[in-house]
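**Student:** Just the structure for this:
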Amino acid sequence: MKTISINREWKMSFPEGFQILNDMERRRLNFIGGAEGVCLSDPERHVVVSVGEKQINGFSALVLSGKDLAKRMEKQISKPMEAYDYHLEGFFTRQIADKTARGFRYTYKSQGVEMLGESYVVKDGKHLVYFHLYARKALREESLAVWNGILDTIGA
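**Tutor:** Sure thing, here's the model as predicted:
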């Protein structure tokens with residue numbers, strides 16, 4: 001396992017086979033919204049994981065709940081993904097570190113390949129931390145197990 005810092009206080013570990021993508025490699029993946037943060041790829045497992053952090057203003061931090069943020073994120077992702085046969089599977093809640101994360105799972109097609117995506121957001125005061133999985137739908141169970149294993153490692 002390798003470990004990296006993902007924000008001002010959390011670390012995340014990931015299994016062998018994953019590599020940290022450089023800026024040029026990330027740009028080739030065409031993430032919606034230009035994805036800031038760290039991006040990991042395991043070409044053998046056909047899994048990409050990205051993590052990003054964003055600061056929000058004080059008013060937004062007061063009024064937006066994790067549920068609101070997850071719904072907002074789903075709308076931001078679903079709109080451009082309509083062209084890729086986007087289908088929402090559902091919303092979920094889970095623990096990441098000591099915080100409640102809100103997110104959703106969806107499917108889409110990329111170059112004729114059925115894909116699976118899962119995204120979570122954690123609100124930590126004025127900071128938002130986003131976690132995204134992109135994997136082949138045919139490898140769903142294995143990919144979700146690896147993804148959940150990575151998310152389970154996050155902590156101080």
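
**Student:** how close does residue 119 get to residue 134?
**Tutor:** Per C-beta to C-beta, to the nearest Å, residue 119 is found 9 Å from residue 134. C-betas here are computed from N, CA, C, even on glycine.

**Student:** my bad, residue 26
**Tutor:** Taking C-beta to C-beta, one finds residue 26 at 12 Å from residue 134.

**Student:** and what of residue 53?
**Tutor:** Separation of residue 53 from residue 134 (C-beta to C-beta) stands at 19 Å.

**Student:** Please apply the same query to residue 75.
**Tutor:** Counting by C-beta to C-beta, the gap from residue 75 to residue 134 is 18 Å.

**Student:** Looking only at neighbour counts, state which of these two leads.
**Tutor:** When residue 75 and residue 134 are compared for neighbours, residue 134 comes out ahead with 22 against 9, by other C-beta atoms under 10 Å.

**Student:** Nearest residue to that one in space, ignoring adjacent ones along the chain?
**Tutor:** Among residues not flanking residue 134 along the chain, residue 48 sits closest, at 4.4 Å (C-beta to C-beta, 6 or more residues apart in numbering).

**Student:** Touching, residue 64 and residue 123? I think so.
**Tutor:** Yes. With contact defined as C-beta atoms under 8 Å, residue 64 reaches residue 123; the gap is 7.2 Å.

**Student:** Compare these two (neighbour count), which wins?
**Tutor:** Taking neighbours as other C-beta under 10 Å, residue 64 and residue 123 compare with residue 123 leading, 22 against 15.

**Student:** Look up how far residue 127 lies from residue 17.
**Tutor:** Counting by C-beta to C-beta, the gap from residue 17 to residue 127 is 30 Å.
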